[in-house]
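K.L.:
sequence plus predicted model, see below.
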Amino acid sequence: MARRPTIIDVARLAGVSKATAARVLGGNEQLVRPETRQRVREAAAQLGYERNAIAGSLRTDRTQMVALSIPDITNPFWPGVARGVQDGLELQKYATVTVNTDWNAEREQEYLRLVRRNRFDGLIINPAAVSNAELKSLRIPVVILGMGMSFPDFDAVGSATEQGVEQSLTYLYELGHRRIGLLAGHPRRNKIYSRYHSYVAFHARKHLPLLDELVVQTEFTEQAGYDAMMKLLDLDQPPTAVFAANDLLAIGGLRAAQERGYNVPCDLSIMGMDDIYAASITSPPLTTVSKPKYEIGRVAADLLLKRLAGEQGPPQKVALPCELIVRGTTAPPRA
């Protein structure tokens, strides 16, 4: 195996001292003449030399690496968030290392140990089971994805989910629906689950009966949405509209309704949440609530960069607005 070129090899080829070569390739080139800089860069390119980031981190106590911890890499919601994080951090030359916890507490703890061992400069995380105290013990800047109510010591950014649910239910109510089902995912952290809490509050405001039979709690997957919708359609009096906690649930529910012979939206209206790409290409296209996925990632990156730059002040909690996207799966109920 060929030996990796070193800074000494670059200096020898460029005809300069090791210190001069190190200044140029380390970005400290103000005192080096332009023609010398050019020779050093050309020598480095010719040899295929890359600066040793590990050695540099020992001098600066910075690795220029940030960990992004997400709970479910198979959920199409998260790539948009990850792209926003990566684009934001790249502006300041930080690399993003993405890890997937699968909502598993042990795996999450192992990734936190990875962050410590490899001296990551910061962490952006949608927590599975970790506590506020455990994140504080990392002693690095951390940003929470989500509203972060259980993490008072950290900046957090998420979407205004309750506002989005309110928009959805109000839209269905104004279409004329009064018997509205809910495909609710299992709450992961909060005892007061925002979608279900909003559903209950909406029924109270509109003086609608809150019926347990119209609520199915399940996993956040397409198959779970299919199975949950089948339960609702088996009722003696099925709902005329169904709001699903995410688009995967809604897409599974749409498939179930169509297999049962329901015309969507004439016989049954269905709404989702997130506005993943697949929502726009179902047949009919899915009415949903769009969450600003990319913007959540960018804001998280910006908040982290400010802390990495030494900005002080109380933690910020940022809730970005949702947007109602009306497509083809909703209509007034049959008379």
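P.N.:
Right, received. Where do you want to start?

K.L.:
CA only for contacts and neighbour counts going forward, please
P.N.:
OK.

K.L.:
ranges for the helices of the protein?
P.N.:
7-14, 18-25, 34-47, 53-60, 77-90, 105-117, 132-136, 161-175, 194-205, 222-233, 247-259, 293-308 (DSSP state H).

K.L.:
tell me the pLDDT at residue 42?
P.N.:
Note on residue 42: pLDDT of 88.

K.L.:
list the contacts of the closest residue to it other than its chain neighbours.
P.N.:
Ranked by CA to CA, 6 or more residues apart in numbering and with sequence neighbours excluded, the top spatial neighbour of residue 42 is residue 14, at 7.9 Å. When contacts are counted by CA atoms under 8 Å, 6 or more residues apart in numbering, residue 14 touches 39, 40, 42, 43.

K.L.:
just the buried ones among those residues, please.
P.N.:
Among these, those classed as buried by 16 or more other CA atoms under 10 Å are 39, 40, 43.

K.L.:
ok, for the first one, nearest residue in space, not its chain neighbours?
P.N.:
Once flanking residues are discounted, residue 39 sits nearest to residue 14: 5.5 Å by CA to CA, 6+ apart.

K.L.:
ok, residue 196 next?
P.N.:
residue 184 (6.7 Å).

K.L.:
do I have it right that that neighbour meets residue 242?
P.N.:
No. Residue 184 is not in contact with residue 242 according to CA atoms under 8 Å; the separation is 10.4 Å.

K.L.:
give me the common contacts of those two.
P.N.:
Joint contacts of residue 184 and residue 242 (CA under 8 Å, 6+ apart) do not exist.

K.L.:
how's this protein carved up into domains?
P.N.:
Taking automatic domain parsing as the reference, the chain has its domains at 7-51, 61-159+293-320, 161-291.

K.L.:
quick one, phi/psi of residue 311?
P.N.:
Dihedral pair for residue 311: phi -70, psi 130, per degrees, to the nearest 10.

K.L.:
that one: neighbouring residues, count only.
P.N.:
By other CA atoms under 10 Å, 11 other residues sit near residue 311.

K.L.:
just to revisit the earlier point, and of the contacts of residue 14, the nearest to residue 263?
P.N.:
Nearest to residue 263, judged by CA to CA, of the contacts of residue 14 is residue 42 at 67.2 Å.

K.L.:
how close does that closest one get to residue 15?
P.N.:
12 Å (CA to CA, to the nearest Å).

K.L.:
could you do residue 9 as well?
P.N.:
As for residue 9, its distance to residue 15 is 10 Å (criterion: CA to CA).

K.L.:
repeat that for residue 78.
P.N.:
50 Å.

K.L.:
who has more neighbours out of these two?
P.N.:
residue 78 (18 against 15).

K.L.:
that one contacts residue 294, correct?
P.N.:
No. Judged on CA under 8 Å, residue 78 makes no contact with residue 294 at a distance of 9.0 Å.

K.L.:
in stretch 278-289, which residues are buried?
P.N.:
Buried, per 16+ other CA under 10 Å, within stretch 278-289: 279, 280, 285, 286, 287, 288, 289.

K.L.:
farthest pair in these?
P.N.:
285 and 289 (12.8 Å).

K.L.:
so for residue 184 and residue 242, which residue has more residues nearby?
P.N.:
Comparing residue 184 with residue 242 by other CA under 10 Å, the one with more neighbours is residue 242, at 28 against 24.

K.L.:
hey, what's the more buried one bridged with?
P.N.:
With DSSP bridges as the criterion, residue 242 is bridged to residue 181, residue 270.

K.L.:
from here on, count from 38
P.N.:
Done: numbering now begins at 38, and the last item shifts to residue 279.

K.L.:
any figure for the gap between it and residue 232?
P.N.:
On the measure of CA to CA, residue 279 and residue 232 end up 13 Å apart.

K.L.:
same thing with residue 131?
P.N.:
For residue 131, the distance to residue 232 - CA to CA - is 35 Å.

K.L.:
the more surrounded of those two?
P.N.:
residue 232 (24 against 18).

K.L.:
hmm, residue 199 and that one touching each other?
P.N.:
Yes. Using CA under 8 Å, residue 232 is in contact with residue 199, at 6.4 Å.

K.L.:
hey, what's in contact with both of those two?
P.N.:
Residues touching both residue 232 and residue 199 (CA under 8 Å, 6+ apart): none.

K.L.:
touching, residue 252 and residue 216? I think so.
P.N.:
No. Residue 252 is not in contact with residue 216 according to CA under 8 Å; the separation is 11.1 Å.

K.L.:
and stretch 302-310, what's buried?
P.N.:
302, 304, 305, 306, 307, 308, 309, 310.

K.L.:
repeat for stretch 260-271
P.N.:
In stretch 260-271, the ones that count as buried by 16+ other CA under 10 Å are 260, 261, 262, 263, 264, 265, 266, 267, 268, 269, 270.
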